[in-house]
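Chemist: Let me see the structure of the following:
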Amino acid sequence: MTQKEFEERTGLSLTIEGYREVEECYMNTDLDKDSFCKLWVENPTVLKEIERKTVLVRELYEERKSLSNFLIEQAEKWSASDLREKAISMIGEREYLKRKIAKGCNLWEADKELLLDILKDLRIIPIRP
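Modeler: This next block holds a predicted model:
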């Protein structure tokens, strides 16, 4: 959102420095322009809480992504099915396979069976009798 759009929506006039705070807050939320501007004017405390929680969720998402990648790597390194299962529980079967293939890891028999099940569900391969 531009400074002009913000000012038109809120009726406020800001300096460039003042708008930088608005822009940072806006980019730290997933709100649409109208909802953001309405909250900025009517309830900035709630808006700051939304910003704080959105940032936290994004950080947790990145941490979870990093941890699941670590689990995949360790499962591969140690042939540890318990780590494989934990990674799958964190990110789901499809994402697990996608990441494992992207990393160039060999597929275990359990991975191949999982992939076949997914392909069957998508009706990409025929279901064997």
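Chemist: Check the separation of the first and last residues in stretch 6-14.
Modeler: Start-to-end span of stretch 6-14 (Cα to Cα, to the nearest Å) is 9 Å.
Chemist: and if you look at stretch 99-115?
Modeler: End-to-end distance (Cα to Cα), stretch 99-115: 13 Å.
Chemist: Buried residues of that stretch, list them for me.
Modeler: 99-100, 105, 111, 114-115 (16 or more other Cβ atoms under 10 Å). Heads up, the C-betas are built off the backbone N, CA and C, glycines and all.
Chemist: same question, stretch 3-21
Modeler: 3, 6, 9-10, 19.
Chemist: Spell out the residue ranges of the helices in the chain.
Modeler: Remark: helices assigned in the chain by DSSP state H are 3-10, 16-27, 33-42, 44-78, 81-91, 93-102, 109-121.
Chemist: re earlier: for the buried residues of stretch 3-21, work out which two are farthest apart.
Modeler: Using Cβ to Cβ, the buried residues of stretch 3-21 span at most 12.6 Å, a distance reached by Arg9 and Tyr19.
Chemist: Leaving out the residues flanking it, which one is nearest to Leu115?
Modeler: Once flanking residues are discounted, Leu115 sits nearest to Leu97: 5.8 Å by Cβ to Cβ, 6 or more residues apart in numbering.
Chemist: Number of residues surrounding that neighbour?
Modeler: 19 (other Cβ atoms under 10 Å).
Chemist: now Ser35
Modeler: Residues near Ser35, counting by other Cβ under 10 Å: 13.
Chemist: likewise Lys65?
Modeler: Other residues within reach of Lys65, judged by other Cβ under 10 Å, total 14.
Chemist: pLDDT-wise, which helix or strand of the chain ranks last?
Modeler: None of the helices or strands of the chain scores lower by mean pLDDT, DSSP states H and E than helix 109-121, at a mean of 94.
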